[in-house]
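Q: Provided below for reference: sequence and predicted model.
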Amino acid sequence: MAETEGFVLQSIDYKEDHKILYLYTEQGHQTVIAYRVKKMNNIQRFLSQRGSLIRFKRPQKELDALQDGTLINAYETIKQDPIAYTRLLHILELVRHVIDDHSNHHKMFHFLTKLFDQMNQSSDTEIYQFIFELKLLHFIGYGLNFKQCNICQSTNNLVFHPSSGGVICPKHIKDLSDTYRYDIYEVLAHYYYIDISQDTPRQIPNTKRLKIAHIIDMLYDEFVGYKTKSSQILKQMKKI
């Protein structure tokens, strides 16, 4: 039986001592039962922690037993920071609920390994949350346009309009209240196109972070229609 690797997206209790693990692998979403992992003397109980990367024998059917599981990376640095860990959970929720079975799982899985490695070494996980959210839009088919007006292909005096999914020239938009000029959408473009395996993400001040987060929320309301529980928790944590 071939081995595979997977991120633990969610772990729920099953009967008295077991857990059901929802995993994301190079082959896509998989669900397994981790038997007896809730017992304190079971050395594999740590495999059920959300956000961990584990290796295991590839299941032959849905709800097959987890076999020969080993921990590859627990991302302990992230998990020691409540806000960083909540950002990680937000990303995992999006992976579970937004990425469908027909996606390029190989591409997304390897992007996630790079992303989480970077987050685990960074003191600024919010930037990586932005990068994931923007790249996920493209991954699920809602690519953003930063090059020219969506209507007339003009490249003059462009503004970013979230509902249009990109930049647009002023003469083709009636309401400018929800538009953002170059200093903001240039940052969006930077995070949207960046290759995190080669380049270091740009740091931005809090004033721009608030605008970037607000724009991403609008994009997800418009094109995705799914809000994670973790994103709501993050907003509450920021208020404390």
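A: Okay, I see it.
Q: alpha carbons only for contacts and neighbour counts from here, please
A: Will do.
Q: Now for Ser11, how many residues are close by?
A: 21 (other Cα atoms under 10 Å).
Q: now for the helix or strand containing it, which elements pack on it?
A: According to DSSP states H and E, Ser11 maps onto strand 3-14. Counting contacts by 3 or more Cα pairs under 8 Å, 6 or more residues apart in numbering; DSSP states H and E, strand 3-14 is packed against strand 18-25, strand 53-57, helix 82-98.
Q: Return the list of helices and strands in contact with the helix or strand just after the second one.
A: Same thing as strand 53-57. Tracing the chain past strand 53-57, the next element assigned as helix or strand by DSSP H and E is strand 64-65. On a contact count with 3+ Cα pairs under 8 Å, 6+ apart, strand 64-65 meets strand 28-34.
Q: who touches the nearest residue to Ser103 once chain neighbours are set aside in this structure?
A: Nearest residue to Ser103 in three dimensions, chain neighbours excluded: Ile140, at 7.6 Å (Cα to Cα, 6 or more residues apart in numbering). Applying Cα atoms under 8 Å, 6 or more residues apart in numbering, we find Ile140 in contact with Val98, Ile99, Ser103.
Q: Please pick the buried ones from those residues.
A: Neighbour-count burial (16 or more other Cα atoms under 10 Å) is assigned, among these, to Ile99.
Q: Considering the contacts of Ile140, which is situated nearest to Thr207?
A: Nearest to Thr207 among the contacts of Ile140: Val98, at 28.9 Å, using Cα to Cα.
Q: any idea how far Ser48 is from that closest one?
A: 22 Å (Cα to Cα, to the nearest Å).
Q: Got the confidence number for Asp124?
A: According to the prediction, Asp124 has pLDDT 95.
Q: Next, count neighbours for it.
A: Around Asp124 there are 13 residues (other Cα under 10 Å).
Q: Look up how far Gln118 lies from it.
A: 10 Å.
Q: Can you name the residues that contact the closest residue in space to Arg45 that isn't next to it in sequence?
A: The spatial neighbour of Arg45 that comes closest, neighbours along the chain excluded (Cα to Cα, 6+ apart), is Val37 at 4.3 Å. By Cα under 8 Å, 6+ apart, the contact set of Val37 is Asp17, His18, Lys19, Ile43, Gln44, Arg45, Phe46, Ser48.
Q: could those go into TSV alongside distance to Val32?
A: Shown next, in TSV, are the contacts of Val37 (distance: Cα to Cα, whole Å):
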residue	distance to Val32
Asp17	14
His18	11
Lys19	9
Ile43	18
Gln44	14
Arg45	14
Phe46	15
Ser48	11
